[in-house]
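Peer 1: with the sequence up front, the predicted model follows.
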Amino acid sequence: MFAVGYGANQFVPLLVAYRSTLGLSDAEATAVFGVYALGLIPGLVAGGRASDVHGRRRLMIAFAALSLVATAVLITGQWGVAGLYAGRFLTGVVSGTVFSIGTAWIKELSTDAPAAAGARRAALALTAGFGVGPLVAGVLAQWGPAPLLVPYLVHLVLAAVALVLLLRAPETRPARPRGTGRARLVPASATTARFRGVVVPMAPWVFGSVTLVFTTLPAHAVGPGGGLGLVLPGLLAALALVAGAAVQPWGRRLHAGLNGSGGAGAGAVGLALVTAGCLVAAFATARPGPPAAAAAAILLGLGYGVCMIVGLTEVEELAAPEELGSVVAVYYSLAYAGLAGPYLLALAAPVLGYPAALVCLAAVAALTLVAVLLNGRRRPATGPQDPGAPR
């Protein structure tokens, strides 16, 4: 999961180079970044359901191998935008499948650990990969040779090592015998009132928030790069994701302490941080400079981290064992739907300006916070739920 998370975000600092070498507009650059979601969501849904039926191990091995192909296709993007679209799409398919299967697999491998350990381990593995990838790629692209080739070679090595290690990992969900039924398209656990009222509205802000650090802040909030043009996006991304990783243990404790609200209280804290991050990002785009951009990145990263761990903990508590992979897939699909936010922001900004557009985004985040609190108050959690129970 670390290696695939690394591969998903190694593209972040390189997008600055592609903007200039391929002449991409804001909307085109955001579209190249966001086409990842077109591959990711079907990968999530199909991967999670398939692993519940056919087992985790064989599918993880196959898609870890495909991650090597995805990065090889991205390398061709230096010669034309078609390679970027194809490579990002394939990266999305790989990421969706690996994230859904891997999160369920880690939870099942953590049965002897304390409660919510699986969610914490999965979130930290992903966040670490998301953060290290753009940092290393940015440094290599800025000061290394062949800036649109060498950064990708690191991921090829990481993915190959991960593939070898996977061959020794134990299976936790053997394939079901034929004729035992197929996984539901929408798992029962994802139709509970608690999931609909708390997880569904909060989830898009997981990646909808931190993606602003990858797309909007580098292009419009840092000002003169001071010779660090390709490094700054990686530094901002790493700063946000270090903050996101650091806050996750606290977010897990907050969720446990506010369990009576069904995750709504802890989710509201995450959304409050996202709202504050959007407001600081609005200030940073009005008065560009590294300090303001860094402050926005930290706040957005903190919001991402809290929302991520709260959502995964809710999924871990709500999902029935036989549909864990499917419920994780639904959660990640909702989370990645948030990638539409930065794209819509890029479309609205020429009319409103980035500061005003980000203030509007902050208002939407604040309204989501209110909705989550109201839903949590109306539908208090009663502990893990039976998917077949009345809802």
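Peer 2: Cool, got the structure. Numbering: from 1, shown residues only.
Peer 1: which residues touch the closest residue to residue 222 other than its chain neighbours?
Peer 2: Once flanking residues are discounted, residue 222 sits nearest to residue 293: 4.7 Å by C-beta to C-beta, 6 or more residues apart in numbering. C-beta: built from backbone N, CA, C; applies to glycine. Counting by C-beta atoms under 8 Å, 6 or more residues apart in numbering, residue 293 makes contact with 217, 221, 222, 236, 284.
Peer 1: which among the residues you listed end up buried?
Peer 2: 217, 221, 222, 236, 284 (16 or more other C-beta atoms under 10 Å).
Peer 1: may I see the buried residues of the worst-scoring helix or strand of the chain on mean pLDDT?
Peer 2: None of the helices or strands of the chain scores lower by mean pLDDT, DSSP states H and E than helix 26-54, at a mean of 80. Residues 26, 28-53 are the ones in helix 26-54 that count as buried (16+ other C-beta under 10 Å).
Peer 1: can you pull the pLDDT of the residue nearest the centre of the chain?
Peer 2: Nearest residue to the geometric centre of the chain (C-alpha atoms, centre = their mean): residue 207, 4.8 Å. Residue 207 is assigned a predicted lDDT (pLDDT) of 88.
Peer 1: now residue 179
Peer 2: At residue 179, pLDDT is 52.
Peer 1: can you give me the strands in the stretch 51-200 of the chain?
Peer 2: Remark: no strands are assigned in the stretch 51-200 of the chain by DSSP state E, counting those that start in this stretch.
Peer 1: my read: residue 140 touches residue 147, true?
Peer 2: Yes - the pair residue 140 / residue 147 is scored as a contact, 7.1 Å apart, by C-beta atoms under 8 Å.
Peer 1: just give me the neighbour total for residue 157.
Peer 2: 11 (other C-beta atoms under 10 Å).
Peer 1: distance check, it against residue 210.
Peer 2: 26 Å (C-beta to C-beta, to the nearest Å).
Peer 1: residue contacts, residue 121?
Peer 2: Neighbouring residues of residue 121 by C-beta under 8 Å, 6+ apart: 106, 110.
Peer 1: likewise the one 3 residues further on?
Peer 2: Under the criterion of C-beta under 8 Å, 6+ apart, the neighbours of residue 124 are 245, 248.
Peer 1: how confident was the prediction at it?
Peer 2: pLDDT, residue 124: 87.
Peer 1: equivalent analysis for residue 357, please.
Peer 2: 93.
Peer 1: hmm, who's touching the one helix or strand it maps to?
Peer 2: Under the criterion of DSSP states H and E, residue 357 resides in helix 354-378. Residues outside helix 354-378 that contact it (C-beta under 8 Å, 6+ apart) are 196-198, 201-202, 205, 209, 212, 216, 220, 261-265, 267-268, 271-272, 274-276, 278-279, 281-283, 285-286, 341, 345, 348-349, 352.
Peer 1: repeat that for 6 Å
Peer 2: 197-198, 201-202, 220, 261-262, 264, 267-268, 271, 274-275, 278-279, 281-282, 285-286, 345, 348-349 (C-beta atoms under 6 Å, 6 or more residues apart in numbering).
Peer 1: please apply the same query to stretch 91-103.
Peer 2: Counting by C-beta under 6 Å, 6+ apart, 1, 4, 8, 36, 39-40, 43-44, 47-48, 51, 56, 59-60, 63, 66-67, 70, 122, 325, 328-329, 332 sit against stretch 91-103.
Peer 1: residue 140 and residue 147: who's more crowded?
Peer 2: More crowded of residue 140 and residue 147, by other C-beta under 10 Å: residue 140, with 24 against 19.
Peer 1: the closest residue to that one other than its chain neighbours: what's it in contact with?
Peer 2: Spatially, and ignoring its direct neighbours in sequence, residue 140 is nearest to residue 151 (4.5 Å; C-beta to C-beta, 6+ apart). By C-beta under 6 Å, 6+ apart, the contact list for residue 151 reads 10, 137, 140, 141.
Peer 1: try residue 324
Peer 2: Going by C-beta under 6 Å, 6+ apart, residue 324 touches residue 104.
Peer 1: distance of residue 237 relative to residue 98?
Peer 2: Counting by C-beta to C-beta, the separation of residue 237 from residue 98 is 20 Å.
Peer 1: likewise for residue 235?
Peer 2: 26 Å.
Peer 1: looking at the two, which is more packed in?
Peer 2: residue 98 (28 against 21).
Peer 1: tell me, how many residues neighbour residue 309?
Peer 2: Residue 309: 31 neighbours (other C-beta under 10 Å).
Peer 1: wait, residue 205
Peer 2: Counted with other C-beta under 10 Å, the neighbours of residue 205 add up to 33.
Peer 1: now it: which helix or strand?
Peer 2: Using DSSP H and E, residue 205 falls in helix 204-220.
Peer 1: pull out the buried positions in the next helix or strand after that helix.
Peer 2: Moving toward the C-terminus from helix 204-220, the next helix or strand (DSSP H and E) is helix 231-257. Within helix 231-257, the residues that qualify as buried by neighbour count (16+ other C-beta under 10 Å) are 231-245, 247-248, 251-252, 254-255.
Peer 1: before we move on, the earlier item: for the residue nearest to residue 140, give its distance to residue 231.
Peer 2: Residue 151 sits 12 Å away from residue 231, taking C-beta to C-beta as the criterion.
Peer 1: ok, now residue 85?
Peer 2: 25 Å.
Peer 1: can you count the residues close to residue 310?
Peer 2: For residue 310, using other C-beta under 10 Å, the count is 33.
Peer 1: for it, give me its contacts.
Peer 2: So residue 310 contacts 251, 255, 263, 266, 267 (C-beta under 6 Å, 6+ apart).
Peer 1: can we see that at 7 Å?
Peer 2: 251, 255, 263, 266, 267, 270 (C-beta atoms under 7 Å, 6 or more residues apart in numbering).
Peer 1: likewise residue 314?
Peer 2: 198, 199, 263.
Peer 1: ok, so of these, who is nearest residue 129?
Peer 2: Looking at the contacts of residue 314 and their distance to residue 129, the nearest is residue 199, at 23.0 Å (C-beta to C-beta).
Peer 1: which non-adjacent residue is nearest that closest one?
Peer 2: Residue 199 sits nearest to residue 314 (C-beta to C-beta, 6+ apart), 5.2 Å away.
Peer 1: good, wrapping up.
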